[in-house]
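K.L.:
when you get a sec, could you give me coordinates for this:
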Amino acid sequence: MLILGLESSCDDTGAAVIRACPGTPVGEILASVVRGQDALHAAYGGVVPEIAARAHAERLDGVTEAALAEAGVGLGDLGAVAVASGPGLIGGVLSGVMFAKGLSAARGLPFYGVNHLAGHALTPRLVAPIAFPYLVLLVSGGHCQFLIAEGPDLFVRLGGTIDDAPGEAFDKIAKLLGLGQPGGPRVEAEARAGDPARFDLPRPLLDREGCDLSFSGLKTAVRRARDRLAAGRGGITRGERADLCAGFQAAVAETLAEKTRRACRAFRARHDLAAPTLAVAGGVAANGTIRAALAAVAEAEGFAWLAPPPALCTDNGAIVAWAAAEAMAVRGPDALTLVARPRWPLDARAAPMLGSGRKGAKA
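P.N.:
Below is the predicted model of the structure:
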């Protein structure tokens, strides 16, 4: 089956066409087109939801046409249309959902609204023939969770962030140090020339049992170190900035590594498998230092290590289409009455980590 996947949950407008056999791991990506919005948000130091939503509405038809052309297929060749219907910035999510509904209604295509986080968590099965269950660290700009993927729609959360997600922390550190956006790649590039041991930065929550994480205190520690350096001279040197970036990145990598080690042991306590798999997904999984630290943990704990290609770690339509292919194995399509959801936890049975609001669990 050919599936069109659409992504608009944050600031990347994506469309992709994949070939998949529902219920069977490993799919073929025929085309994936992503249009970023960095230039639109650069002056604001972060993503402006209203600007992002309007850009998605303007670009969704164009990226869809481009993806179909790249794949060499037409709308009549598609077997289904899928869209990330949450969680995310509600204006952008609405843009994608309404566009996908229009395609579904006009062409008579089965319509699947999928959880954006499930797209990331299921990506390992798009690229490798791994079976359920497996352990996945979903680490992105807005989310950080340790999950046991037990089925296409069954996830068990072992822990996650109680405040800032790592990607959010990278973005804020980039802004703090005048590096611009996107923060993750900018900080990683700057850190290559730095000394990670120069500053004594905290490794949050390592003194607390379990797999929960926190990065707000680390972010504050970097700000205070910058302020001490800048006091009396109005700024910091390029070398000092590189050292701060290197120290911050090392602290995140070491914290994630230790918490991942605990998650591996929690997984083994629940599933007695001879060769379990540890996978990483989400935008921060593209960071080389973090990947290397997690790969070392996997080897030490006896887990097979799987990291999707960096292009599949960031937001794109292919992972949305794949999540729909996985969903087809356990349920039918959604009705066109489906609503966009700004909040949508993968493990609905777990207590919200960031509390609840009028519209439900925040994470």
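
K.L.:
hmm, which helix or strand of this protein has the shakiest average pLDDT?
P.N.:
One helix or strand of the chain scores below all others by mean pLDDT, DSSP states H and E: strand 356-357, with a mean of 48.

K.L.:
shouldn't Ala53 be in contact with Gly96?
P.N.:
No. If you go by C-beta atoms under 8 Å, Ala53 and Gly96 don't touch, sitting 9.8 Å apart. (Each C-beta comes from the backbone N, C-alpha and C, glycine too.)

K.L.:
which neighbours do the two share?
P.N.:
Overlap of the contact sets of Ala53 and Gly96 (by C-beta atoms under 8 Å, 6 or more residues apart in numbering) is empty.

K.L.:
comparing those two, which residue is more hemmed in?
P.N.:
The residue with more neighbours, out of Ala53 and Gly96, is Gly96; 30 against 20, by other C-beta atoms under 10 Å.

K.L.:
before we move on, what SS does His120 have?
P.N.:
Here His120 is recorded as helix under DSSP: H, G, I helix; E, B strand; the rest coil.

K.L.:
same question for the one 4 residues further on.
P.N.:
In the three-state summary, Pro124 is assigned as helix, counting by three-state DSSP.

K.L.:
can I take it that Gly14 is in a strand?
P.N.:
Yes. Counting by three-state DSSP, Gly14 is found in a strand.

K.L.:
that one and Gln37 touch, don't they?
P.N.:
No. Assessed by C-beta under 8 Å, Gly14 is found out of contact with Gln37, at 11.5 Å.

K.L.:
look at the residue of the chain most remote from its centre and tell me its secondary structure.
P.N.:
Going by C-alpha atoms, centre = their mean, the residue of the chain most distant from its centre is Gly232, 40.0 Å out. Secondary structure, three-state DSSP: Gly232 is coil.

K.L.:
pLDDT score for it?
P.N.:
Gly232 carries a pLDDT value of 81.

K.L.:
for Arg349, same thing?
P.N.:
For Arg349, the model assigns a pLDDT of 81.

K.L.:
quick one: secondary structure of it?
P.N.:
coil.

K.L.:
any idea how many residues pack against it?
P.N.:
Applying other C-beta under 10 Å, we find 8 residues neighbouring Arg349.

K.L.:
ok, now how distant is it from Val139?
P.N.:
22 Å (C-beta to C-beta, to the nearest Å).

K.L.:
now Val17
P.N.:
Val17 is 27 Å from Val139, by C-beta to C-beta.

K.L.:
show me which of these two is the more surrounded one.
P.N.:
Shown here are Val17 and Val139; by other C-beta under 10 Å, Val139 has more neighbours (30 against 27).

K.L.:
so Val26 is in which element?
P.N.:
Secondary structure assignment for Val26, by DSSP states H and E: no helix or strand.

K.L.:
tell me how many other residues crowd the closest residue to it other than its chain neighbours.
P.N.:
In space, and not counting its chain neighbours, Val26 is closest to Pro129: 5.3 Å by C-beta to C-beta, 6 or more residues apart in numbering. Per other C-beta under 10 Å, the neighbour tally for Pro129 reads 8.

K.L.:
quick one: contacts for the closest residue to Gly184 other than its chain neighbours?
P.N.:
Nearest non-adjacent residue to Gly184, counting by C-beta to C-beta, 6+ apart: Phe170, 4.4 Å away. Residues near Phe170 by C-beta under 8 Å, 6+ apart: 141, 183-184, 187, 252, 284.

K.L.:
so can I have TSV of the residues you listed showing distance to Ala193 and pLDDT?
P.N.:
Putting the contacts of Phe170 into TSV (distance: C-beta to C-beta, whole Å; pLDDT from 0 to 100) gives the following:
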residue	distance to Ala193	pLDDT
Gly141	24	68
Gly183	17	87
Gly184	17	89
Val187	12	96
Val252	18	95
Val284	21	85
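
K.L.:
name whatever forms a beta bridge with Leu4.
P.N.:
For Leu4, the beta-bridge partners are Val17, Val81 (DSSP bridges).

K.L.:
need the contact list for it.
P.N.:
By C-beta under 8 Å, 6+ apart, the residues touching Leu4 are 15-17, 64, 67-68, 78, 80-82, 103, 109, 317, 321.

K.L.:
swap in Ala257?
P.N.:
Shown in contact with Ala257 (C-beta under 8 Å, 6+ apart): 293-294, 296-297.

K.L.:
wait, Arg125 sits on Glu326?
P.N.:
Yes. Counting by C-beta under 8 Å, Arg125 touches Glu326, with 7.1 Å between them.

K.L.:
re the thing from before, phi, psi for the residue farthest from the centre of the chain please.
P.N.:
Backbone geometry at Gly232, expressed as degrees, to the nearest 10, gives phi 90, psi -10.

K.L.:
please tell me how far it sits from Ala263.
P.N.:
Per C-beta to C-beta, Gly232 is found 44 Å from Ala263.

K.L.:
among the contacts of Ala257, which one has the most neighbours?
P.N.:
Most surrounded of those: other C-beta under 10 Å gives Leu294, at 25 neighbours.

K.L.:
residues contacting it?
P.N.:
137, 256-257, 260, 278, 280, 305, 307.

K.L.:
and if you look at Val114?
P.N.:
If you count contacts by C-beta under 8 Å, 6+ apart, Val114 has them with 82-85, 320, 323-324, 327.
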